[in-house]
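>>> Just the structure for this:
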Amino acid sequence: MPTGAPAAAGRALPTPLPVAPAELAPTVNADLEQAVARRSREVVIDLARLEREGYLVPSQARSKLAEQMRIIKRPLLANANGDSGQTIPRANLIQVVSAMPEEGKTFFAINLAMSIAMEVDHHVLLVDADVLRPSVLRRLGVEPAPGLLDVLQSKDLPLSDVLLRTNVEKLSILPAGAANQKSTELLASAAMSNLLDELAAKYSDRIIVFDAPPLIPTTESRVLASHVGQVVMVVEAEKTTHSVVTQAYAAVAQCPVVLSVLNKCQNKGASDAYGYYYSA
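So this is what the prediction gives:
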């Protein structure tokens with residue numbers, strides 16, 4: 001039943017002005033952020049421990065590592081923001097991967113997420129997608145929690161219920177969740193594809209960083225690469241062979257953008273012997 005008073009006879013009702021979708025977007029995103037905040041819980045990252053172990057933390061915004069991460073993240077953010085001169089579907093979904101285990105991909109993924117969280121205009125969701133060897137929560141000093149695999153297994157568990165807010169203002173985490181015998185199949189399932197669709201649509205205002213399994217010994221990352229807009233390949237200097245790197249690149253060739261970072265590179269004469277190097 002209408003609640004407003006009827007228009008006077010002979011008097012035309014004013015024509016409402018159309019509202020552009022772009023004008024509605026901030027309200028929609030704000031409502032979504034509030035809903036997620038209500039349903040998710042907050043955890044405390046042990047920032048002092050991270051700093052001692054060489055990770056980037058917000059208090060080290062002017063460190064050499066922070067500067068290196070700024071160089072690396074700029075092209076990624078330009079792609080995600082549509083500022084690179086090309087349209088890249090799902091460019092806000094960034095998969096961090098390596099050819100083999102122990103090349104430093106999780107270390108890099110955490111640093112990338114932390115660096116993006118230090119931006120003025122970006123929120124970041126760090127997803128532990130290395131479900132066979134999850135380590136993101138352990139490295140952050142956070143207790144195990146339900147996450148990705150639990151959502152994929154249950155139709156009744158919404159994504160927002162397992163997202164973890166952190167004491168780093170713009171950083172949230174999606175844990176790997178409880179492992180099971182079908183972990184590999186779940187990452188390649190229709191449920192995973194639907195979840196990625198949800199992440200791309202509902203969280204389009206966020207950068208989503210996936211710490212993914214290594215490419216050569218597993219198949220999950222190859223499937224994930226077909227659903228994300230950007231892949232960052234972490235390559236360990238003086239260890240990973242050219243032929244292995246070539247195989248890894250071929251495995252993610254379907255992704256629109258594949259970038260590489262040379263990790264654990266020894267710099268003779270430099271003040272430190274650890275750094276990231278970026279190449280396209």
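>>> mind checking pLDDT for Lys264?
Predicted confidence (pLDDT) for Lys264: 78.
>>> Give the burial count for it, as a bare number.
18 (other CB atoms under 10 Å). C-betas here are computed from N, CA, C, even on glycine.
>>> Also Leu196?
Leu196, neighbours per other CB under 10 Å, totals 19.
>>> residue contacts, the residue lying closest to it once chain neighbours are set aside?
Closest residue in space to Leu196, ignoring its immediate chain neighbours: His227 at 4.5 Å, by CB to CB, 6 or more residues apart in numbering. Contact partners of His227, counting by CB atoms under 8 Å, 6 or more residues apart in numbering, are 90, 93, 193, 196.
>>> same question, Thr240
Going by CB under 8 Å, 6+ apart, Thr240 touches 98-100, 103.
>>> please redo it, this time with the cut-off set to 10 Å
98-100, 103, 216, 233-234, 248, 262-264 (CB atoms under 10 Å, 6 or more residues apart in numbering).
>>> picking that back up, so the residue nearest to Leu196, which state does it fall into?
coil (DSSP: H, G, I helix; E, B strand; the rest coil).
>>> Just read off the phi/psi values of it.
Backbone geometry at His227, expressed as degrees, to the nearest 10, gives phi -110, psi -10.
>>> So for it, what's the pLDDT?
91.
>>> again with Ala9
At Ala9, pLDDT is 43.
>>> And Gln153, by the same measure?
92.
>>> Which residue, neighbours along the chain excluded, lies closest to it?
In space, Gln153 is closest to Leu186, 6.8 Å off (CB to CB, 6+ apart).
>>> Helix, strand, or coil at the one you found?
Leu186 ends up helix, using three-state DSSP.
>>> That one and Ile216, how far apart?
From Leu186 across to Ile216, the span is 21 Å (CB to CB, to the nearest Å).
>>> Neighbour count: the two, which is higher?
Taking neighbours as other CB under 10 Å, Leu186 and Ile216 compare with Leu186 leading, 20 against 16.
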